[in-house]
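Student: Here is a sequence together with a model predicted from it:
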Amino acid sequence: MVTAANGLILFVALLAVPVIWGVVKFNEFVALRNRFQNAFSQIDVQLKRRHDLIPNLVSAVRGYMTHERETLEAVTNARRRAVDAQEIALRAPADIGALAAFEAAERALNGELGRMYALAEDYPKLRADESVSRLMEEIGSTENRIAFARQAFNDQVTSYNTGIESFPASLVAQLCGFRPAMRLQATRTRREREAIVVSL
């Protein structure tokens, strides 16, 4: 009788250990996923700030750049598309398609801003305007914050991906539907970064 009870206890223990381990791993994956989603929301905060500054900048330069209406409209349209893509990606930062669309929209916006900044070089009065200089400086400092937030996001995604891809924890991840997340790439090419730097 004692041996049967011991056998039952051993059997239950053998079943309980993997279940408990699986629950612990599941909770770790949830925590890692929440961290990278939170990191994306930090990017969102900085992008919102930049997106809010862009209409002010377009309004400020519009009076000087009267012959550049197409460029200013392109910046405004690119900003709108970037805001829309950002909202979708914020709801699902683990969705690779949403994140790729977000990155493409941000690249397009940076490209249009770079073109506007390059054209601004041809307007001496614009370069002398203090409010325009201040807005461009604020956008530049926001760009730095965005870069740091993107780096923090990528670090969190790397931790999450490592957690769910490491064996044997990957078995729990697959069973529970955890999928690898996408890291963000540089939003601008070197040429675009150079174009965005303006000395006013």
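Tutor: That came through fine.
Student: For the closest residue to Val83 other than its chain neighbours, give me its contacts.
Tutor: Excluding its sequence neighbours, the residue lying closest to Val83 (Cβ to Cβ, 6 or more residues apart in numbering) is His51, at 5.4 Å. For every residue, glycine as well, the C-beta is placed using N, CA and C. Contact analysis of His51 by Cβ atoms under 8 Å, 6 or more residues apart in numbering lists Arg79, Ala82, Val83, Gln86.
Student: So which of those sit within helices?
Tutor: Among these, DSSP state H puts Arg79, Ala82, Val83, Gln86 in helices.
Student: Among those, which one sits closest to Leu109?
Tutor: Nearest to Leu109 among the ones in helices among the contacts of His51, counting by Cβ to Cβ, is Ala82 at 4.3 Å.
Student: how deep is the closest one tucked in, by neighbour count?
Tutor: By other Cβ atoms under 10 Å, the residues close to Ala82 number 23.
Student: Of the ones in helices among the contacts of His51, keep whichever come out buried.
Tutor: Listed as buried from the ones in helices among the contacts of His51 are Arg79, Ala82, Val83, Gln86; burial here means 16 or more other Cβ atoms under 10 Å.
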